[in-house]
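K.L.:
turn this into a structure:
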Amino acid sequence: LDRDTLLDSVRKTGKCLVVYEDNKFGGYGAEVAAIVAEEAFDYLDGPVTRVAGPEVPGVPYNHVLEDWFMVNPEKIADGIRKLAAY
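P.N.:
Residues are numbered from 1 along each chain as shown. I've put the predicted structure just below:
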């Protein structure tokens, strides 16, 4: 993880949207969000926001359920809009 680039970006923009394909709770992105909250909190103009998979036991293999689970451009754009409006 390139912590310096991550933290420099937060300091520059005042925002942080973490996007990852794991479950939202306990995933790698949660650790990225924790780093930002601990080391760049004073620079944030809004909450550290995450776009990730929902809380289910695993990634579904059925294509309909997989589409529901996976992060996609629409979910990312929605997260960006919400964070930008904060």
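K.L.:
which helices and strands sit right next to the lowest-mean-pLDDT helix or strand in the chain?
P.N.:
The least trusted helix or strand in the chain, going by mean pLDDT, DSSP states H and E, turns out to be helix 63-69, with a mean of 89. If contacts are counted by 3 or more C-beta pairs under 8 Å, 6 or more residues apart in numbering; DSSP states H and E, helix 63-69 sits against no helix or strand. Using the backbone N, CA and C atoms, a C-beta is placed for each residue, glycine as well.
K.L.:
how far does the next helix-or-strand element following it sit from its chain's centre?
P.N.:
The helix or strand immediately downstream of helix 63-69 is helix 73-85, counting by DSSP states H and E. From the chain centre to the centre of helix 73-85 is a distance of 10 Å (C-alpha atoms, centre = their mean, to the nearest Å).
K.L.:
same check, this time on stretch 3-14
P.N.:
On the basis of C-alpha atoms, centre = their mean, stretch 3-14 sits 14 Å off its chain's mean C-alpha point.
K.L.:
what about that stretch, average pLDDT?
P.N.:
Here stretch 3-14 scores 97 as its mean pLDDT.
K.L.:
please identify the buried residues of that stretch?
P.N.:
6-7, 9-10 (16 or more other C-beta atoms under 10 Å).
K.L.:
so what touches it?
P.N.:
Applying C-beta atoms under 8 Å, 6 or more residues apart in numbering, the external contacts of stretch 3-14 come out as 16, 32, 35-36, 39-40, 43-46.
K.L.:
only the buried subset of the residues you listed, as a PyMOL command please.
P.N.:
Here is the PyMOL command that selects the buried residues among the contacts of stretch 3-14 (16+ other C-beta under 10 Å):
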select buried, resi 16+32+35+36+40+43+44
